[in-house]
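Peer 1: Okay, structure incoming, though there's no sequence with it:
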Ligand SMILES: [Zn+2]
């Protein structure tokens, strides 16, 4: 019955969209269900809980006005220090999904983040899309980065986010094997068609809801707009009464439910 899916197990379950849509959440339920069916053999009582059972989560609990800022693709000496300055000035915690090879290149930057109390999480070693990797390579990408996080920061990594949100069955299995949850995101800040920090911030401030995981980027590409928008996002969300927490604070003790609703793009 599921032979087609079995054949495609090592292939990308979610393909990235075109470049300008790189922030688009890839939390397609159909993809989750394929994996869920394979891994659980229909043992779960309700499919809508299957992604969460696999460690995949796209938001925190909606019961409290708390949100988590998450930064992908650093450390990057061009942008990460400035972002840390803003977060420290505003007293805002955050979670950094770091790329292993960037940690190796810029150890001082990631150490400063860790010393400042920021949470460090795994974003693979080379930022290669999961669908382009063998199972062995996926294991190495995740292991090397977690090892570096332990060595450089003393933190025990708990969270793993796949590059571009691309998930494969092997990626999910390896995350489970290493005890890592997979937080995707609820809403993404950067959009190629938005050219001003005010416009970037306005949409986030207006559309953020309780428990949202907010995705921003501090590396790889030119992130000046993100840096400029960050103070506006923080002040706007504070005005709306939101408190900022790390991802671990948001998700700790929360199994997570992936809704059937369309995510906020
Ligand atoms: Zn990334």
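Peer 2: Okay, I see it. Everything numeric in this text was worked out from a predicted model, so none of it was measured.

Peer 1: CA atoms for contacts and neighbours, from now on please.
Peer 2: Fine.

Peer 1: Show me which residues of the stretch 101-250 of the chain are close to the ion?
Peer 2: Within reach of the ion by CA under 5 Å from the ion, the stretch 101-250 of the chain has these residues: residue 163.

Peer 1: In the stretch 101-250 of the chain, which residue sits nearest the ion?
Peer 2: residue 163 (4.4 Å; CA to the ion).

Peer 1: Could you report the neighbour count for residue 88?
Peer 2: 16 (other CA atoms under 10 Å).

Peer 1: could you list every residue that touches it?
Peer 2: residue 116 (CA atoms under 8 Å, 6 or more residues apart in numbering).

Peer 1: From residue 117, how far out is it?
Peer 2: Here the criterion is CA to CA, to the nearest Å. By it, residue 88 lies 10 Å from residue 117.

Peer 1: what residue ranges in this protein score low on pLDDT?
Peer 2: 1-50, 257-265 (pLDDT under 70).

Peer 1: Give me the phi and psi for residue 138.
Peer 2: Dihedral pair for residue 138: phi -60, psi -40, per degrees, to the nearest 10.

Peer 1: With residue 98 instead?
Peer 2: Backbone torsions for residue 98, taken as degrees, to the nearest 10, come to phi -100, psi 150.

Peer 1: Against the ion, how distant is it?
Peer 2: Look at residue 98 and the ion: by CA to the ion, to the nearest Å, they are 8 Å apart.

Peer 1: And residue 81, by the same measure?
Peer 2: Distance from residue 81 to the ion, counting by CA to the ion: 18 Å.

Peer 1: is it fair to say that residue lies in a helix?
Peer 2: Yes: counting by DSSP: H, G, I helix; E, B strand; the rest coil, residue 81 is found in a helix.

Peer 1: Enumerate the positions of the helix or strand where residue 249 lies that are buried.
Peer 2: Take DSSP states H and E as the rule and residue 249 turns out to sit in helix 247-251. Neighbour-count burial for helix 247-251 flags 247, 248, 250, 251 (criterion: 16 or more other CA atoms under 10 Å).

Peer 1: Which elements pack onto that helix?
Peer 2: Applying 3 or more CA pairs under 8 Å, 6 or more residues apart in numbering; DSSP states H and E, one finds that helix 247-251 makes contact with strand 66-74.

Peer 1: in what helix or strand does residue 203 lie?
Peer 2: helix 197-207.

Peer 1: Quick one: distance of that helix to the chain centre.
Peer 2: 19 Å (CA atoms, centre = their mean, to the nearest Å).

Peer 1: Output the contacting helices and strands for it.
Peer 2: Here helix 197-207 touches helix 224-239, going by 3+ CA pairs under 8 Å, 6+ apart.

Peer 1: Can you check what angle separates the helix it packs on from strand 66-74?
Peer 2: Relative orientation of helix 224-239 versus strand 66-74 (axes from the mean of the first three to the mean of the last three CA atoms, to 10 degrees): 170 degrees.
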